[in-house]
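Student: got a sequence here, can you model it:
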Amino acid sequence: MNKDRRSFLKNAGITGAGIISAPLVSPSFGGTSLFPAFNFEISPSYVQKSWMDLGFGMFIHFGVNTYYDKEWSDGTLDPYRVNPTGLNTMDWCRTALEAGMKYIVIVCKHHDGFCLWPSKYTDYTIARSQYTRDLVGSLVNSCEKSGLKVGFYYSLWDQHQAYINDDDWHMLDFIKNQLEELLTTYGPIVELWFDGFWKRQQSGWTKISEDPQEGEESTTDPKERDENFINAWRMEGAYRWQMDHIYNFVKSIQPDCLLLNNSTSAFKGVPLFPVDARTGERYIDLEHDRKIWNWLGKEIYMPLQIETTMSAKGNQRFPSGNWYWHEWDHSALSKEEIMDHLKKAKAARANLLLNVGPDYLGKLRPEDEEVLQDLNN
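Tutor: Numbers count the residues shown, from 1 in each chain. Okay, the predicted model is just below:
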């Protein structure tokens, strides 16, 4: 890195990310209002509104899976094969800007445990590949030059660290050490998205009941189902992962970094507290999306991020589309489909995070580039 980023907190004028009521100003995007004006007594905090103002972002899945035709892997694949000889992170940023995006979230570490930065707490990193360079650092520098904000995806579940996966306290130390690397090395991070919580969440999983037969009524109360899962999470998963401690640890380093915790496609839009915003993987039923939630005895506003991927057709295990690159997959969302996603996100006052999976050279798929570059035409 060309400068010491560790001093940025002192000079950045951090405002704090408390969830507070504040007068609402409708954010803008490209000179026009991105979100309709609305007037809740309970409003987003200043930091939440700044994040909502970003509106549209690029999600990047790239790593060891890219080189083995995998969506998920178990932490045993040889990282030496990773060698994106055609990678130029400025190209990623350029395409994001052409599409009208304002931020990029990169998968720093997926469930396999492979790190795109040279973490000193594991041997499973980009430093052991043929590429060797710090890919996270390269992207952060490109985003800074391009005026894009940057966010990190980090899987709590790490299959490469299997020897401590069932040891809550050793895993907590491991997670904190890696988070400290990410949050002190690369400057201000707008979003930190956790995933993989289900590894330590055994209870609370209930399916949505089947459509009632003619003459019957559904007994499923969606709100009650969501609340029951949150309670199960707080009683088990949040304790086992020590999420209250992790949340405060992150805030002690970067108060304005918004935390999200992927609630999975089974509980779209459900906040796994403590968090600052909600995830919605392929969240479609936005008409009844709930914005106000109770946390620590207080009603608070919880903004939403919808995540989907450019790939439109996956394999048997992931039929709705791939997140990583696969040589055989040339399917892609159309311009019209993406514009429809943006329209629905805008109506729901949500951000849209659209995934691309760069190929083994580190280049975006031509199918993706063509559509994204045409979005504003």
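Student: drop to CA atoms for contacts and neighbour counts, all remaining ones
Tutor: Will do.
Student: so what's Ser73 up against?
Tutor: Listed by CA atoms under 8 Å, 6 or more residues apart in numbering, the contact set of Ser73 reads 65, 111-112.
Student: can you do 6 Å?
Tutor: Neighbouring residues of Ser73 by CA atoms under 6 Å, 6 or more residues apart in numbering: Asp112.
Student: mind checking pLDDT for it?
Tutor: At Ser73, the predicted lDDT confidence score is 97.
Student: for it, grab phi and psi.
Tutor: Backbone torsions of Ser73, given as degrees, to the nearest 10, read phi -140, psi 170.
Student: separation between it and Tyr360?
Tutor: Distance of Ser73 to Tyr360, computed by CA to CA, to the nearest Å: 16 Å.
Student: pLDDT weak spots in the chain?
Tutor: Scanning the chain with the threshold set as pLDDT under 70 gives 1-40, 209-220.
Student: what ranges do the helices span in this structure?
Tutor: In the chain, helices defined by DSSP state H lie at 8-11, 46-52, 89-98, 135-146, 168-185, 222-232, 238-241, 243-253, 335-347, 366-373, listed in chain order.
Student: buried residues in stretch 120-139?
Tutor: For stretch 120-139, burial by neighbour count (16 or more other CA atoms under 10 Å) applies to 123-129, 131-139.
Student: hang on, the earlier thing: among the helices of the chain, which is nearest His326?
Tutor: Go through the helices of the chain one by one with CA to CA and the one that ends up closest to His326 is helix 366-373, at 12.8 Å.
Student: can you give me the strands for this protein?
Tutor: Taking DSSP state E as the test, the strands found in the chain are 28-29, 32-33, 56-60, 103-109, 149-155, 191-195, 258-261, 278-281, 292-295, 298-301, 304-309, 351-356.
Student: could I get these as TSV with mean neighbour count and distance to Pro84?
Tutor: Formatted as TSV, the entries for the strands of the chain read as follows, by neighbours: other CA atoms under 10 Å; distance: least, CA to CA, whole Å:
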stretch	mean neighbour count	distance to Pro84
strand 28-29	15	33
strand 32-33	11	38
strand 56-60	26	14
strand 103-109	23	16
strand 149-155	23	20
strand 191-195	22	25
strand 258-261	23	29
strand 278-281	25	28
strand 292-295	14	43
strand 298-301	17	41
strand 304-309	24	21
strand 351-356	25	15
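Student: tabulate those in CSV, adding columns for distance to Ala162.
Tutor: Listed next are these as CSV, based on distance: least, CA to CA, whole Å:
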stretch, distance to Ala162
strand 28-29, 44
strand 32-33, 47
strand 56-60, 25
strand 103-109, 15
strand 149-155, 14
strand 191-195, 17
strand 258-261, 21
strand 278-281, 27
strand 292-295, 33
strand 298-301, 37
strand 304-309, 28
strand 351-356, 28
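Student: so which of those strands comes closest to Asp78?
Tutor: If you check each of these against Asp78 by CA to CA, strand 103-109 wins as the nearest, at 15.3 Å.
Student: surely Lys109 meets Trp117?
Tutor: No. Because the distance of 8.8 Å does not satisfy CA atoms under 6 Å, Lys109 is recorded as not touching Trp117.
Student: between the strands of the chain, which gets nearest to Ser43?
Tutor: Using CA to CA as the criterion, the shortest distance between Ser43 and the strands of the chain is 5.9 Å, found for strand 298-301.
Student: list the strands paired with that closest one, with their directions.
Tutor: Sheet pairing of strand 298-301 (DSSP bridges) gives strand 292-295 (antiparallel).
Student: so who does Asn355 touch?
Tutor: 58-60, 309-310.
Student: partner residues bridging it?
Tutor: Using DSSP bridges, the beta-bridge partners of Asn355 come out as Phe59, Thr309.
Student: how near is it to Asp285?
Tutor: Here the criterion is CA to CA. By it, Asn355 lies 20 Å from Asp285.
Student: with Arg225 instead?
Tutor: As defined by CA to CA, Arg225 lies at a distance of 16 Å from Asp285.
Student: out of those two, which sits in the more crowded spot?
Tutor: Neighbour count, other CA atoms under 10 Å: between Arg225 and Asp285, Arg225 has more, with 16 against 10.
Student: residues near the nearest residue in space to the more buried one that is not next to it in sequence, how many?
Tutor: Using CA to CA, 6 or more residues apart in numbering and skipping residues adjacent in sequence, the residue nearest Arg225 is Thr206, 7.5 Å away. When neighbours are defined as other CA under 10 Å, Thr206 has 12 of them.
Student: for Asn294, see how far away Thr206 is.
Tutor: From Thr206 over to Asn294 the distance is 21 Å, taken as CA to CA.
Student: ok so, going back, which among the buried residues of stretch 120-139 gets closest to Thr89?
Tutor: Closest to Thr89, out of all of these and judged by CA to CA, is Leu139, at 5.4 Å.
Student: list the contacts for that closest one?
Tutor: Taking CA under 6 Å, 6+ apart as the criterion, Leu139 is in contact with Thr89.
Student: distance check, it against Arg240.
Tutor: Spatial separation of Leu139 from Arg240 under the definition CA to CA is 33 Å.
Student: same thing with Asp69?
Tutor: Using CA to CA, we find Asp69 at a distance of 32 Å from Arg240.
Student: if you count what's nearby, which of the two comes out ahead?
Tutor: The neighbour comparison of Asp69 against Arg240 (other CA under 10 Å) goes to Arg240, with 18 against 14.
Student: so what's that one closest to, chain neighbours aside?
Tutor: Looking at Arg240 with CA to CA, 6+ apart, the closest residue is Asp168, at 6.3 Å.
Student: distance-wise, check the one you found relative to Gln242.
Tutor: Between Asp168 and Gln242 the distance, using CA to CA, works out to 8 Å.
Student: same question for Leu272.
Tutor: Leu272 sits at a distance of 12 Å from Gln242 (criterion: CA to CA).
Student: neighbour count winner among the two?
Tutor: Legend: neighbour count by other CA under 10 Å for Leu272 and Gln242, higher for Leu272 (24 against 15).
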